[in-house]
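Visitor: Sequence below, structure please.
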Amino acid sequence: MRAKREYRDRDETQVAVLDALADRREEGMTVFELRSHVDVGIDELEGALSDLKADDLIEAKDDGERTVILPEDHAIGQYDPDEDESMLDRIRQWLDR
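Guide: Here you go, the predicted model:
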């Protein structure tokens, strides 16, 4: 699973967060786990999480011992990078044959 195509035009860090969360959509991830998967500074991660939360793409849940970040169901799904090819890309590939 990955972030859905309609959310892939967001900031690179936000897309990386959604992709990381998609892999663990049931159990979620702590901020520290996300930081190790996304490989950005804590300030940049905090900004990305804030923007994603404001746009209702993630939620935070406290299970008593820790707080985990979970993706909203509408934010993730099957993603095929080949679908992102533009018509111009396809024409170029056809001409290169």
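
Visitor: buried stuff in stretch 50-69?
Guide: Asp51, Leu52, Leu57, Ile58, Val68, Ile69 (16 or more other Cβ atoms under 10 Å). In this view, the C-beta of every residue, glycine as well, is placed from N, C-alpha and C.

Visitor: Tell me who's in contact with the most centrally placed residue in the chain.
Guide: Here the mean C-alpha position of the chain is nearest to the C-alpha of Leu18 (Cα atoms, centre = their mean), at a distance of 1.7 Å. If a contact means Cβ atoms under 8 Å, 6 or more residues apart in numbering, then Leu18 has Arg2, Ala3, Tyr7, Arg10, Leu52, Leu57, Ile58, Pro71, Ala75, Ile76 as its contacts.

Visitor: redo that, cut-off 7 Å
Guide: Residues in contact with Leu18, defined by Cβ atoms under 7 Å, 6 or more residues apart in numbering, are Ala3, Tyr7, Leu57, Pro71, Ala75, Ile76.

Visitor: Give me the distance between the second one and Glu44.
Guide: Read it as Tyr7. In this structure, Tyr7 and Glu44 are separated by 18 Å, where distance is defined by Cβ to Cβ, to the nearest Å.

Visitor: will you turn the contacts of Leu18 into a markdown table that also has distance to Val31, pLDDT and secondary structure?
Guide: Converted to a markdown table, the contacts of Leu18 look like this (distance: Cβ to Cβ, whole Å; pLDDT from 0 to 100; DSSP: H, G, I helix; E, B strand; the rest coil):
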| residue | distance to Val31 | pLDDT | secondary structure |
| --- | --- | --- | --- |
| Ala3 | 18 | 82 | strand |
| Tyr7 | 20 | 84 | helix |
| Leu57 | 16 | 96 | coil |
| Pro71 | 14 | 94 | strand |
| Ala75 | 18 | 89 | helix |
| Ile76 | 19 | 86 | strand |
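
Visitor: any chance of those residues in JSON lines, with distance to Leu34 too?
Guide: Output for the contacts of Leu18, formatted as JSON lines (distance: Cβ to Cβ, whole Å):
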{"residue": "Ala3", "distance to Leu34": "14"}
{"residue": "Tyr7", "distance to Leu34": "16"}
{"residue": "Leu57", "distance to Leu34": "14"}
{"residue": "Pro71", "distance to Leu34": "11"}
{"residue": "Ala75", "distance to Leu34": "15"}
{"residue": "Ile76", "distance to Leu34": "14"}
